[in-house]
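Colleague: Generate a structure from the sequence data that follows.
(4 chains)
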Protein chains: 2
Amino acid sequence: MKLPVPRQRPPVPVRSANGRSPATVRRLPILSDVARQAEVSLTTASRALDPDSDHPVSERTRARVVAAATRLSYRPNPMARALRTRRVPTIAIVVHDVSDPYFAEIVRGATAAASVRGFLTVVCSSDRDPATELRYVEMLCESRVSGVIFAGGGLEEAHYHRSMSGYARSIAHYGGAIVALAPRSERWPAELPDNQGGARMVTEHLVSLGHSRIAMISGPATLRTSRERELGYAQAMKAAGLETSIVRADFTVGGAAKAIARLLRSDSPTAVFAASDTMALGALSELRRSGIDVPDDVSVAGFDDIPGLEFMHPALTTVRVPMAELGAAGVARLLRQLDGKDTATRTQIHPVQLVVRESTGRLGGARGAV
Amino acid sequence: MKLPVPRQRPPVPVRSANGRSPATVRRLPILSDVARQAEVSLTTASRALDPDSDHPVSERTRARVVAAATRLSYRPNPMARALRTRRVPTIAIVVHDVSDPYFAEIVRGATAAASVRGFLTVVCSSDRDPATELRYVEMLCESRVSGVIFAGGGLEEAHYHRSMSGYARSIAHYGGAIVALAPRSERWPAELPDNQGGARMVTEHLVSLGHSRIAMISGPATLRTSRERELGYAQAMKAAGLETSIVRADFTVGGAAKAIARLLRSDSPTAVFAASDTMALGALSELRRSGIDVPDDVSVAGFDDIPGLEFMHPALTTVRVPMAELGAAGVARLLRQLDGKDTATRTQIHPVQLVVRESTGRLGGARGAV
DNA sequence: GCAATCACGGAAATCCATTTCCATTTCTGT
DNA sequence: ACAGAAATGGAAATGGATTTCCGTGATTGC
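Modeller: This is a model prediction of the structure:
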């Protein structure tokens, strides 16, 4: 008959006197090693090292434990801690495309804000594919991230809404938080740029330059961001007593180029407002290809103020969206929710700012006339 | 005397007949719920659900367990699993700046490749600050991510190297993997673009256009990427029997603009090779400001082929670096290391490709002469 | 002087899936 | 028919930190 031998982990050898670790180190120190070194119980060691424990620990004891922890260069095992506290110090951000400068800036702001609060950020780039996005969200659900930021708008697809709201419920169920950074049909807490106001501002700017045939190239009608920007454009046009003209295309450079070509054949506008800088880039490119000067023949304005375009020629007039700030605000919101002290309104609108550069000018080409 | 009452979790109520969950659901199902439903032990339930368990489970039993799991919509708790297996299905990528298109593309490739293998990707953007990067790496260490990809080169700083190699050791110690996507002093497995070859190619291209005063604006000498590109440039110049002229600046638009201004005062080159597209953008911008035509007066070439610049005017001649592919290769490499079957050479070089567009032309302005 | 509090520390339960070790059966081969 | 192997399932240990519940001694209150 075999006697049950109580298995016990061999103790971690203490750093030897010469300061170098002995060759026998084979595992990372755990809390019980610290407790043994400090000659206290596991419980006390845990409490001594937890800065916001409400259980009192005498200073002498705490000092002993901290000393032992330092000596062993102890680091709490995050998996064990996560298992117990049911919370990982990780959030996620879901974007349509990380390499789109708009989202890249948001990600930059979000990751920076998260890291100063001790959170890591998982980035999920859906490539605008509903199935990919859903797969990501499922992975996020299963990994029980503390919260998810949806930076892009919802995608149009049969399954999408049903599945997404299922996942959202599941996230809420385990105590995770959700924040949106673009208008969506789901009623999630949101930090949004003032799309409508910005579009109004830029349209008014074009009107004030004397333009009356101002066309807009917008993104797909299914994206609420497009719709909000269209709304602002329509408001400003109506206020000025002008006819609107909207052409829709993909939210890409190529899409915008095609849209412009169509526009030139039909309306021959003197000013074009593109619903995003990316589209404005496509417009500029196509106009140049057609031998049309910007801004002398046609003015072009964009939206977002993605970095880099200020160095183009002509530098793009646009609306500055505080993208990094939006990402940071999303994180702040998420963490407030997790702390249970999110008392703010559910949707927070962030102001945007008109940035006038070279791609818009007076009707008739003021520069040429000077 | 109090009797020790065996505390037991209340069982999860089974989905009621009407298909909706009863209001009493308050916790997620765990494996023991599945086991109870299927009337098997915890062990068997675990094995039945683990597709690559080597312990045999009869088909009948497995079917019962799977059915129970489905009925309860059971999802294994990732923290418990991670604690036991000592491995989280998460990798990390450290970049200098996520909103720099070069890194954004790499991140896109990496996250996509990771997700198809079931890994999430944490993104860390150091903003080129050694302290920030080190803080991130410490967080990554503590969170025991499976592997870390360093997309950018090492940063110059006193602490940096010592601390970084300490963290690297620590990562290796817990079984994590490391891969670099830029040349670094640390001897880590690497997937690198052919910086030297690309620089040679683009320089030869400029030579073949008849230029002889070809200057290079490079990044800081501390970045090995700059140095490799300088080396390729120098080789090609030497082969053509030409004098080299290198000006160093920050790896930014602004830095390049300043460098160009300096260059114009001293050397008056007829062609400029910028060590990155970002710098080329600065060069183009500054040249235009100075009233110098590209390519008629001066040819400009870049490196990287970041998206968007093909729509500029003039469209930039550059060297295409397969950034997304690099990111994906990094992930593949990382996972191979984790599987212990990384038999390839330690450094893998990825070929690059010259992309001739409009910003380079024959000496003297061929276009004007036609 | 006696009860009620407080300060402090510890044993054991808990989080939940995986894995080791063993105990049955049920085949094999001879 | 019987030793040995294979197939199958279970009890319990494991991973490591947090937290609940309790016990002791010291202090305060009246």
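
Colleague: Could you list the low-pLDDT ranges of the stretch 251-370 of chain A?
Modeller: A:343-345, A:365-370 (pLDDT under 70).

Colleague: just so I have it, where are all the strands in it?
Modeller: Ranges of strands within the stretch 251-370 of chain A are A:271-274, A:299-301, A:318-320, A:347-350, A:353-355, based on DSSP state E, counting those that start in this stretch.

Colleague: and among the ones you listed, the most buried is which?
Modeller: strand A:271-274 (a mean of 31; mean count of other Cβ atoms under 10 Å in any protein chain shown). (Each C-beta comes from the backbone N, C-alpha and C, glycine too.)

Colleague: Alpha carbons of it, in PDB - could you do that?
Modeller: Output in PDB follows, covering the C-alpha atoms of strand A:271-274 (Å, rounded to 0.1, in the frame of the first residue of the first chain):
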ATOM      1  CA  ALA A 271     -17.600  73.200 -54.400                       C
ATOM      2  CA  VAL A 272     -17.600  69.600 -53.100                       C
ATOM      3  CA  PHE A 273     -17.900  68.600 -49.500                       C
ATOM      4  CA  ALA A 274     -16.600  65.100 -48.900                       C
END
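
Colleague: And the strands of the stretch 251-370 of chain A: which comes nearest B:Gly291?
Modeller: Across those, B:Gly291 has its closest neighbour in strand A:299-301 (23.3 Å, Cβ to Cβ).

Colleague: How far does that closest one sit from its chain's centre?
Modeller: 28 Å (Cα atoms, centre = their mean, to the nearest Å).

Colleague: Next: stretch A:160-167.
Modeller: Worked out by Cα atoms, centre = their mean, stretch A:160-167 lies 20 Å from the chain centre.

Colleague: Check stretch A:350-361 too.
Modeller: 23 Å.

Colleague: likewise stretch A:346-355?
Modeller: Relative to its chain's centre, stretch A:346-355 lies at 15 Å (Cα atoms, centre = their mean).

Colleague: Please, where are all the helices along chain A?
Modeller: A:31-38, A:42-49, A:59-71, A:78-85, A:101-116, A:130-143, A:158-173, A:195-208, A:224-239, A:253-266, A:277-289, A:323-338, A:366-369 (DSSP state H).

Colleague: quick one: which of the ones you listed is nearest B:Gln337?
Modeller: helix A:78-85 (20.7 Å).

Colleague: buried residues in that closest one?
Modeller: Neighbour counts using 16 or more other Cβ atoms under 10 Å in any protein chain shown place A:78-79, A:82-83 of helix A:78-85 among the buried residues.

Colleague: Is that helix in proximity to DNA strand C?
Modeller: Yes - legend: contact between helix A:78-85 and DNA strand C by Cβ under 7 Å from any atom of the strand is shown at A:80, A:83-84.

Colleague: returning to what we had before: which of the helices of chain A has the lowest mean pLDDT?
Modeller: For those, mean pLDDT drops lowest on helix A:366-369, to a mean of 44.

Colleague: For the residue nearest to A:Pro322 when sequence neighbours are not counted, which residues are in contact?
Modeller: Distance criterion Cβ to Cβ, 6 or more residues apart in numbering or on different chains; nearest residue to A:Pro322, sequence neighbours excluded, is A:His350 at 5.8 Å. In this structure, A:His350 makes contact with A:191-194, A:321-322, A:325-326, A:329, judged by Cβ atoms under 8 Å, 6 or more residues apart in numbering or on different chains.

Colleague: Between these, which sits nearest DNA strand D?
Modeller: For the contacts of A:His350, the residue nearest DNA strand D by Cβ to the nearest atom of the strand is A:Ala329; the value is 28.3 Å.

Colleague: picking up where we left off before, how much space between the residue nearest to A:Pro322 and DNA strand C?
Modeller: From A:His350 over to DNA strand C the distance is 38 Å, taken as Cβ to the nearest atom of the strand, to the nearest Å.

Colleague: Equivalent analysis for A:Val66, please.
Modeller: Taken as Cβ to the nearest atom of the strand, the span from A:Val66 to DNA strand C is 13 Å.

Colleague: and that residue, how many neighbours does it have?
Modeller: Using other Cβ atoms under 10 Å in any protein chain shown, A:Val66 has 16 other residues around it.

Colleague: list the contacts for it?
Modeller: A:48-49.

Colleague: If we use 10 Å, what do you get?
Modeller: A:34, A:38, A:45, A:48-49, A:74 (Cβ atoms under 10 Å, 6 or more residues apart in numbering or on different chains).

Colleague: again with A:Val331
Modeller: With the criterion set at Cβ under 10 Å, 6+ apart, A:Val331 makes contact with A:91, A:93, A:109-117, A:119, A:121, A:147, A:149, A:179, A:191.

Colleague: what sits against the closest residue to A:Ser226 other than its chain neighbours?
Modeller: Nearest non-adjacent residue to A:Ser226, counting by Cβ to Cβ, 6+ apart: A:Gly219, 3.8 Å away. Counting by Cβ under 10 Å, 6+ apart, A:Gly219 makes contact with A:153, A:225-227, A:229-230, A:248-252, A:255-256, A:274-276, A:278-279.

Colleague: Those: which ones sit near DNA strand C?
Modeller: Applying Cβ under 7 Å from any atom of the strand to these, none is adjacent to DNA strand C.

Colleague: In PyMOL, select just the buried ones from these.
Modeller: Selection command for PyMOL covering only the buried members of the contacts of A:Gly219, criterion 16+ other Cβ under 10 Å:
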select buried, chain A and resi 153+225+226+227+229+230+248+249+250+251+252+255+256+274+275+276+278+279
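
Colleague: so which of the residues of helix A:78-85 next to DNA strand C comes closest to chain B?
Modeller: Checking the residues of helix A:78-85 next to DNA strand C against chain B with Cβ to the nearest Cβ, the nearest one is A:Leu83 at 4.1 Å.
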